[in-house]
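Asker: Provide a 3D model corresponding to the input given below.
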Amino acid sequence: MKMKRTGRLRWSGAIVAAFLALTPLLGMGTVASAQSTSEAKSFLTDAQGLTDGLTPVVDQESLTVTQKKDVTALKTISADPIENFYLEFTVEAPRDGVTDPFDFGLFFRDQGDDYYGLAISSAIGDSGPGWGLVLGQTGSDPSSVDSGDISASDFPTDVGSTYDVVVAAIGNDASFSVNGTAVAMLDISDQSAAGNISLASGFLSSGVVAGDKIAFSNVTLYDLNADSAGTSTEASPTPEDGGTPTGGQTE
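Answerer: Numbering: from 1, shown residues only. Have a look, this model is predicted:
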């Protein structure tokens, strides 16, 4: 399928501010507990089981997101709004993540002004690799809702390192893993409606080198609300701005 090319402009500065609000919390014991990582692992396993018999919306695609100054760059991969999903992708580190940080992630349940954004960074603040979840809601600036660290063993920062990422969302819950290690359970109850799913980079200004390309490969997306024929079993709202998330502009 053809990927939509968009740039999230209206909220880019506010998204950066929301993620910066997370940095004092990182590196201070925010690594998920064994119990929560076990729950996250089980959640991902169950979500993967739900893909049996489904036709993927995106199947083993490759794409690049070009970083831009002051813009959270993204590419929308869902042709239609999706509520519950199972997503896999691989990212290659474009540069050394300690001396020259980078980030990547996704927007999901994205209806324009209402969305979740999950960012994974090689270095947030003075800590090592970490992640943050941001919530966008109509009439408000994006806010940080959750965050944590990622162990260095699961997130090597050398140039050329690869990261196999799995993200699943079902109902009020989501979870994700990096290189086979479940990282955290996420509460996504504040935005339950179906929306676009996009892969992105440039959540943090420190993670942007204008013109650098973040390579995503093995991109596979399942709509867990679809039946075995690939048709959605629930009615989905039409995204705002003609399908371009959050007032973004086509590159």
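
Asker: for the closest residue to residue 214 other than its chain neighbours, give its distance to residue 44.
Answerer: Leaving aside its chain neighbours, residue 214 sits nearest to residue 201 (4.2 Å; criterion: Cβ to Cβ, 6 or more residues apart in numbering). Quick note: C-beta positions are derived from backbone N, CA and C, even for glycine. The gap separating residue 201 from residue 44 is 23 Å, by Cβ to Cβ, to the nearest Å.

Asker: so which of those two has more stuff around it?
Answerer: Taking other Cβ atoms under 10 Å, residue 201 and residue 44 do not tie; residue 201 has more neighbours (29 against 21).

Asker: next, the more buried one: phi, psi?
Answerer: phi -150, psi 150 (degrees, to the nearest 10).

Asker: what's opposite it in the beta bridge?
Answerer: Beta bridges link residue 201 to residue 73, judged by DSSP bridges.

Asker: now do the contacts for it.
Answerer: 65, 67, 72-74, 102-105, 207-208, 214 (Cβ atoms under 8 Å, 6 or more residues apart in numbering).

Asker: and the residue nearest to the spatial centre of the chain, what helix or strand is that in?
Answerer: Centroid check for the chain by Cα atoms, centre = their mean gives residue 106 as the closest residue, at 2.3 Å. Using DSSP states H and E, the element containing residue 106 is strand 103-110.

Asker: contacting residues around the residue nearest to the centre of the chain?
Answerer: 87, 117-118, 167, 197-200.

Asker: now for these, which pair is the farthest apart?
Answerer: 87 and 117 (14.0 Å; Cβ to Cβ).

Asker: more neighbours: those two, which one.
Answerer: residue 117 (28 against 25).

Asker: among the contacts of residue 201, who's most crowded?
Answerer: Going by other Cβ under 10 Å, residue 72 tops the contacts of residue 201 with 32 neighbours.

Asker: got a pLDDT number for it?
Answerer: Listed pLDDT for residue 72 reads 85.

Asker: distance check, it against residue 114.
Answerer: Where residue 114 is concerned, residue 72 sits at a distance of 16 Å (Cβ to Cβ).

Asker: where in the stretch 151-251 of the chain is pLDDT low?
Answerer: Within the stretch 151-251 of the chain, the set of residues satisfying pLDDT under 70 comprises 205-207, 227-251.

Asker: cool, and the stretch 1-150 of the chain?
Answerer: In the stretch 1-150 of the chain, residues with pLDDT under 70: 1-35, 125-126.

Asker: quick one: the strands in it, in order.
Answerer: Assigned by DSSP state E, counting those that start in this stretch, the strands in the stretch 1-150 of the chain fall at 4-8, 58-66, 72-76, 85-92, 103-110, 115-121, 130-136, 143-149.

Asker: what is the orientation angle of the following helix or strand past the last one with strand 103-110?
Answerer: For strand 143-149, the succeeding helix or strand toward the C-terminus, using DSSP H and E, is strand 162-170. Going by axes from the mean of the first three to the mean of the last three Cα atoms, to 10 degrees, strand 162-170 is angled at 20 degrees with respect to strand 103-110.

Asker: that concludes my questions; thank you for your assistance.
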